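S.K.: here's a sequence, model it:
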Amino acid sequence: MGQTIVEKIAQSHMTDGPQGRDLRAGDFLTIRPRHILTHDNTAPVMKKFKSIGAPRVADPRQPVFVLDHDIQNRSEENLAKYRAIEAFAGENGVDFYPAGSGIGHQVMCEQLYVVPGSFVVGSDSHSNMYGAMGAVGTPVVRTDAAAVWATEEFWWQIPRTVQVVLEGALPEGASGKDVILALCGLYNQGEVLNAAVEFAGPGVGALSLDERMSIANMTTEWGALVGWFPADAATLRFIRARKEVLDRQGIERVSDEEIGRWESDPPRPDPDAAYSARITLDLSEVTPTISGPDTVQVMTPLADVCLPGITRALVIRLGRERGIPVVEKNVSMTEVYTADEVFTSGTMGELTVVTEVDGRRIVNRSGTSRTTELQDLHAAHVRATGYPIPW
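M.R.: Next up is the predicted model:
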């Protein structure tokens, strides 16, 4: 019996664990991750690290600090915390990205700390996102992060793997976010809880790398510990483009030889790998989706949403740049109206507006549809229905 990709990548990063056999789901092992991300929580990890008694970070090339969570907080307390993190990074020679550098997970991918076949962790639940690059990305708690700083290692138990086979291609208007919202809503009984999700199938090639990042990132909300995509031509185009940028900066994190190896022999599961379950999703059936209330495990296709007090679905086009959909069940979204025309019929609270259906205009000027008063319309809509207009 072959191995899943998580089992194989974990084995390639193992420093201690079962010997003389292939790793399987359920095995405990010690892993040396390629990199570990911490963000604003670097400060509490620093406290745990100092409590261990370690004199310095064991491998300064392993951690990456990116300040991204509370950057709008200009209080002296927060700025002092940021200065302490930067000073600690400087003392230990750790790569440091100050506030404003970008979202940490994006920085990890764009700066090529994450590459196909690598095992990368982060002290953040959305570290699953690294799976979009063909890596195993998974979260660790702060104590484990401090342990990695001190020893370069942490212990891990290999999770079971659920294979998600993607077929077809997304229709116009649907996105990667809609894919993961559909999966969260359709399979919301713990099917992937604490599991690794391995995406496969011909539909993967129809997804852009951005879409894969959205999906992998939100496998966290689905309950998974890993969301892995195979590395392919799209992955390597991204890596080559980012390598060119880093080369101009005098930074070398990947070599041409490594890229050639990922191209000729990309990391992949064995054909006879054993999965705990298999889910098949036809991407052509995915539609724009709304999640909630309160949880992504409740999802509703946009076309099925019926907002109270609205009897007609239309699209307003503001100039030539922006459309505002107000969605109603069983109504085509192909009708386009200018902002000076009508966008709904019926009454929203005390605001009655104008409508035009099949060329016939029904006017009640107690309301307005003028561009300059769209904000008033939106406010009235929220008061009457409890829902914002989906912009």
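S.K.: can we go C-alpha only for contacts and neighbour counts from here?
M.R.: Fine.
S.K.: all helices for the stretch 1-150 of the chain, in order.
M.R.: In the stretch 1-150 of the chain, the helices defined using DSSP state H, counting those that start in this stretch lie at 5-12, 42-52, 76-92, 104-110, 142-151.
S.K.: got CSV for those, with mean pLDDT, distance to residue 158 and mean neighbour count too?
M.R.: Putting those into CSV (pLDDT from 0 to 100; distance: least, Cα to Cα, whole Å; neighbours: other Cα atoms under 10 Å) gives the following:
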stretch, mean pLDDT, distance to residue 158, mean neighbour count
helix 5-12, 98, 7, 22
helix 42-52, 97, 24, 17
helix 76-92, 98, 31, 15
helix 104-110, 98, 22, 20
helix 142-151, 98, 16, 22
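S.K.: residue 160 is nearest to which of these?
M.R.: Residue 160 lies closest to helix 5-12 among the helices of the stretch 1-150 of the chain, at 8.9 Å (Cα to Cα).
S.K.: chain center to the closest one, what's the gap?
M.R.: 22 Å (Cα atoms, centre = their mean, to the nearest Å).
S.K.: where does the prediction get shaky in the chain?
M.R.: Applying pLDDT under 70 to the chain flags residues 305-391.
S.K.: quick check: domain ranges of it?
M.R.: The domain map for the chain lists 33-152, 305-385, with the assignment taken from automatic domain parsing.
S.K.: which strands and helices sit next to whichever helix or strand residue 215 is part of?
M.R.: Residue 215 belongs to helix 209-217 when assigned by DSSP states H and E. With contacts defined as 3 or more Cα pairs under 8 Å, 6 or more residues apart in numbering; DSSP states H and E, the secondary structure elements packing on helix 209-217 are helix 176-186, strand 226-228, helix 233-248.
S.K.: surely residue 294 is within a helix?
M.R.: No - note on residue 294: no helix contains this position according to DSSP: H, G, I helix; E, B strand; the rest coil, which reports coil.
S.K.: okay, it and residue 72: tell me how far apart.
M.R.: As judged by Cα to Cα, to the nearest Å, residue 294 and residue 72 stand 25 Å apart.
S.K.: and residue 227, what is it in contact with?
M.R.: With Cα atoms under 8 Å, 6 or more residues apart in numbering as the criterion, the residues that contact residue 227 are 128-132, 136-137, 196-199, 215-217, 219.
S.K.: for residue 193, same thing?
M.R.: Residues near residue 193 by Cα under 8 Å, 6+ apart: 222-225.
S.K.: which strand or helix spans it?
M.R.: Residue 193 belongs to no helix or strand, assigned by DSSP H and E.
S.K.: which residues touch the residue most central in space within the chain?
M.R.: Nearest to the geometric centre of the chain sits residue 217, at 2.5 Å (Cα atoms, centre = their mean). The contact partners of residue 217, taken as Cα under 8 Å, 6+ apart, are 126-130, 227.
S.K.: could you redo the last one with a cut-off of 6 Å?
M.R.: 126, 128-129 (Cα atoms under 6 Å, 6 or more residues apart in numbering).
S.K.: likewise residue 117?
M.R.: Counting by Cα under 6 Å, 6+ apart, residue 117 touches 134-135, 267.
S.K.: of all the helices and strands packed on helix 209-217, which lies closest to residue 25?
M.R.: Residue 25 sits nearest to strand 226-228 of all the helices and strands packed on helix 209-217, at 13.1 Å, using Cα to Cα.
S.K.: list just the nearest of the contacts of residue 227 to residue 24.
M.R.: Within the contacts of residue 227, proximity to residue 24 (Cα to Cα) peaks at residue 196, which comes in at 12.6 Å.
S.K.: measure residue 159 to residue 265 for me?
M.R.: Residue 159 is 25 Å from residue 265, by Cα to Cα.
S.K.: looking at those two, which one has more neighbours?
M.R.: Remark: of residue 159 and residue 265, residue 159 carries more neighbours, 21 against 10, as counted by other Cα atoms under 10 Å.
S.K.: quick check, that one in contact with residue 195.
M.R.: Yes - contact status for residue 159 versus residue 195: in contact at 5.2 Å, counting by Cα atoms under 6 Å.
S.K.: circling back: closest to residue 175 out of the helices of the stretch 1-150 of the chain?
M.R.: So among the helices of the stretch 1-150 of the chain, helix 104-110 is nearest, using Cα to Cα, at 18.4 Å.
S.K.: gap between that closest one and the chain center?
M.R.: Centre-to-centre, helix 104-110 and its host chain are 11 Å apart (Cα atoms, centre = their mean).
S.K.: same deal with stretch 22-31?
M.R.: Centre to centre, stretch against its chain (Cα atoms, centre = their mean), the figure for stretch 22-31 is 26 Å.
S.K.: what angle separates the helix holding residue 215 from helix 176-186?
M.R.: Relative orientation of helix 209-217 and helix 176-186, computed by axes from the mean of the first three to the mean of the last three Cα atoms, to 10 degrees: 30 degrees.
S.K.: alpha carbons only: can I get the following helix or strand past helix 209-217 in CSV?
M.R.: Scanning the chain past helix 209-217 towards its C-terminal end, the next helix or strand to appear is helix 219-222 (assignment: DSSP H and E). C-alpha atoms of helix 219-222 as CSV (Å, rounded to 0.1, in the frame of the first residue of the first chain):
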residue,chain,number,x,y,z
THR,A,219,-9.8,24.4,4.6
THR,A,220,-9.1,25.6,8.1
GLU,A,221,-12.8,26.7,8.4
TRP,A,222,-13.7,23.3,7.0
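S.K.: would you mind listing the buried residues in helix 219-222?
M.R.: Burial within helix 219-222, assessed by neighbour count using 16 or more other Cα atoms under 10 Å, is assigned to 219-222.
S.K.: kindly report the same for stretch 250-258.
M.R.: residue 254.
S.K.: any idea how far apart the tips of it sit?
M.R.: 18 Å.
S.K.: go on, stretch 275-294?
M.R.: With Cα to Cα as the measure, stretch 275-294 spans 31 Å from end to end.
S.K.: return the distance of that stretch from the chain's centre.
M.R.: The chain centroid and the centroid of stretch 275-294 are separated by 15 Å under Cα atoms, centre = their mean.
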